[in-house]
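Colleague: Take this sequence and fold it.
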Amino acid sequence: MNDVSASHRLVAGAPDSPVILHVPHSSRVIPADVRGGIVLEDAALERELDHITDAHTARIAATAAERCATEPWQFVNLLSRLVVDPERFPDDREEMLAVGMGAVYTRTTHRADLRPADHDGQPLIDRYFHPYAAAVTDAVTQRLDTVGRAVIIDVHSYPTERLPYELHGDGPRPPICLGRDAFHTPAGLLAHAEKAFAGFGGTGVNSPFSGTYVPLKYYGNDERVSALMIEIRRDVYMSEPGGPAGPGLDTVAHALADLVDMASGVDTGRG
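Modeller: Numbering: from 1, shown residues only. All right, here's what the predicted structure looks like:
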């Protein structure tokens with residue numbers, strides 16, 4: 001998988017849909033040459049992938065998209081976040097550098113060595129991170145040019161029990177965590193998400209994970225781009241860690257489809 005175009009996939013939705021389901025952390029795929037720079041033995045790497053991968057989230061997004069009245073677009077990362085994490089800042093702005101988890105991870109979820117201490121992550125950033133960011137930016141630009149707005153719904157999952165790498169994991173861990181941004185998450189979109197996911201035993205905002213993904217070109221400067229992160233606690237839909245999906249996956253996909261349909265006509269709530 002040396003072709004950069006094979007590192008991500010844009011699945012077309014309805015031409016008039018403003019919604020992009022962004023799925024950045026669902027894959028376990030690591031190209032062989034990238035694997036060579038990881039110090040873990042195979043069994044340990046598989047365990048790390050169990051912990052770090054948002055398993056089945058691409059399937060959740062695809063199932064939801066099929067059920068929507070107006071089919072959303074889907075942007076899916078086809079590589080593991082152990083290659084690069086496309087949702088990190090690629091520089092010193094990234095707070096996760098404190099635990100070795102910037103755009104290129106050097107430490108594991110349990111703070112063990114993932115790559116050598118002197119590993120240079122810049123080639124991976126150049127090869128994978130920047131092309132990915134450019135492709136997401138293009139997808140958002142296309143929605144703005146065609147529909148006049150874009151709604152990014154970031155689809156994630158998180159473990160029931162806190163992992164050692166989490167910087168802010170001491171707060172509530174609700175079945176559904178909604179990550180919002182003060183600039184890019186309008187009140188109407190957040191309210192729609194709370195309604196769509198009301199049946200899972202509770203939703204929370206920005207705990208244990210906060211914020212949402214917006215391409216840097218538009219971040220903090222274009223209100224036409226709305227965004228919300230959906231973090232699904234893994235016991236809601238799968239066996240942990242890294243196990244098969246259960247019947248909860250279908251229920252989650254149905255709720256996500258409801259959110260997409262509402263977001264397709266959402267009042268921005270900006271007055």
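Colleague: contacts, neighbours, all on C-alpha from now
Modeller: Will do.
Colleague: how about the lengthiest helix in the chain: buried residues?
Modeller: The helix spanning the most residues in the chain, taking DSSP state H as the definition, is helix 130-147. Within helix 130-147, the residues scored as buried using 16 or more other C-alpha atoms under 10 Å are P131, Y132, A133, A135, V136, T137, A139, V140, T141, Q142, R143, L144.
Colleague: quick one: contacts for the second one?
Modeller: What it means is Y132. S7, H8, P86 (C-alpha atoms under 8 Å, 6 or more residues apart in numbering).
Colleague: neighbour-wise, which of the residues you listed leads?
Modeller: The most crowded member of the contacts of Y132, judged by other C-alpha atoms under 10 Å, is P86 (23 neighbours).
Colleague: is it true that that one touches P24?
Modeller: Yes - using C-alpha atoms under 8 Å, P86 is in contact with P24, at 6.9 Å.
Colleague: show me where the stretch 1-150 of the chain has helices.
Modeller: Along the stretch 1-150 of the chain, counting by DSSP state H, counting those that start in this stretch, helices occupy 32-35, 42-52, 57-67, 122-124, 130-147.
Colleague: Now mean pLDDT too, for those helices, in JSON lines please.
Modeller: Formatted as JSON lines, the helices of the stretch 1-150 of the chain follow (pLDDT from 0 to 100):
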{"stretch": "helix 32-35", "mean pLDDT": "96"}
{"stretch": "helix 42-52", "mean pLDDT": "98"}
{"stretch": "helix 57-67", "mean pLDDT": "98"}
{"stretch": "helix 122-124", "mean pLDDT": "97"}
{"stretch": "helix 130-147", "mean pLDDT": "98"}
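Colleague: what is V76 paired to in the beta sheet?
Modeller: For V76, the beta-bridge partners are R9, V23 (DSSP bridges).
Colleague: so what pLDDT did it get?
Modeller: The per-residue pLDDT reported for V76 equals 98.
Colleague: now swap in I153 and tell me
Modeller: 98.
Colleague: tell me which element it is part of?
Modeller: Per DSSP states H and E: I153 is located in strand 150-158.
Colleague: Note down every partner strand of that strand and its orientation.
Modeller: Strand pairing (DSSP bridges) places strand 150-158 next to strand 19-23 (parallel), strand 225-233 (parallel).
Colleague: ok, back up a step: for P208, which of the helices of the stretch 1-150 of the chain is the nearest?
Modeller: Ranking the helices of the stretch 1-150 of the chain by proximity to P208 (C-alpha to C-alpha) places helix 42-52 first, at 15.2 Å.
Colleague: Could you list the residues in contact with the closest one?
Modeller: By C-alpha under 8 Å, 6+ apart, helix 42-52 touches R28, R81, T108, T109, P159, P241, G242, G243.
Colleague: farthest pair in the residues you listed?
Modeller: Longest span within the contacts of helix 42-52, C-alpha to C-alpha: T108 and G243, 19.1 Å.
Colleague: Selection in ChimeraX covering whichever of the contacts of helix 42-52 are buried, please.
Modeller: In ChimeraX syntax, the buried subset of the contacts of helix 42-52 is picked out as below (16+ other C-alpha under 10 Å):
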select :28,81,108,109,159,241,242
